[in-house]
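Asker: the following comprises the amino acid sequence and a computationally predicted model.
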Amino acid sequence: MAHFFICPNCGNRTAANDRTAGFRAQPKGCAKCGFGFLFELLDDYYPAPNAAFFACNQEGNVIACGRGSFQLTGLDDQAVIGRHVSAVLGLRFDAGDDPVQTALEWGVRQLSKAVQVNAEGDLPARATADIFPAYDDDGGLLLVLTPIN
């Protein structure tokens with residue numbers, strides 16, 4: 001059975017039969033850019049070319065900013081890493097719920113969620129959020145924000 005993976009750094013998609021690198025328990029890394037870990041997807045997922053990627057730990061704090069993150073927010077990695085993703089990006093979901101917290105608590109995907117992104121010192125922007133829980137023992141999530149023009 002093939003497992004689908006996506007790199008939070010460069011957005012490269014791959015498929016593999018194993019979730020780990022060789023005989024070790026170490027997670028797979030990205031063969032294209034060398035990033036240290038990949039997110040497994042239940043179905044293949046094709047992000048838009050201008051999508052922004054944010055990888056978070058089990059508390060929702062940003063641990064890595066990927067492709068498109070600076071273009072969407074105007075914030076560099078140092079201003080974002082270690083802070084809660086909803087707070088630093090000023091996420092306000094249209095439905096009034098918190099899909100980030102739902103993904104963290106329940107380990108379920110949250111797809112096509114309308115959101116307003118209001119990063120620090122930036123103008124508000126409309127986006128669609130796709131949120132993928134991490135399927136490993138560490139937990140966490142991948143947040144993909146696609147700007148709406």
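Answerer: Good, I have the coordinates.
Asker: how about stretch 139-149: buried residues?
Answerer: Going by neighbour count (16 or more other Cβ atoms under 10 Å), the buried part of stretch 139-149 is 139-147. The way it works is simple: take the backbone N, C-alpha and C, and place the C-beta from them, glycine included.
Asker: doesn't Glu40 lie inside a strand?
Answerer: Yes: if the criterion is DSSP: H, G, I helix; E, B strand; the rest coil, then Glu40 is within a strand.
Asker: which of the buried residues of stretch 139-149 lies closest to Ala52?
Answerer: Leu145 (4.6 Å; Cβ to Cβ).
Asker: so Ala127 is in which element?
Answerer: Remark: Ala127 resides in strand 125-133, with elements defined by DSSP states H and E.
Asker: what angle do strand 125-133 and the helix or strand that that strand is followed by make with each other?
Answerer: Moving toward the C-terminus from strand 125-133, the first helix or strand encountered (DSSP H and E) is strand 141-147. Per axes from the mean of the first three to the mean of the last three Cα atoms, to 10 degrees, the angle that strand 141-147 makes with strand 125-133 is 160 degrees.
Asker: partners of strand 141-147 in the sheet?
Answerer: As defined by DSSP bridges, the strand partners of strand 141-147 come to strand 52-56 (antiparallel), strand 125-133 (antiparallel).
Asker: most tightly packed of the ones you listed?
Answerer: strand 52-56 (a mean of 25; mean count of other Cβ atoms under 10 Å).
Asker: contacts for that strand, please.
Answerer: Applying Cβ atoms under 8 Å, 6 or more residues apart in numbering, the external contacts of strand 52-56 come out as 8-9, 11, 37, 39, 47, 62-69, 71-73, 80, 85, 89, 100, 127, 140-147.
Asker: in this protein, where is pLDDT below threshold?
Answerer: Where the chain drops to pLDDT under 70, the residues are 18-27.
Asker: just give me the neighbour total for Gly121.
Answerer: The local packing count at Gly121 equals 9, with neighbours defined by other Cβ atoms under 10 Å.
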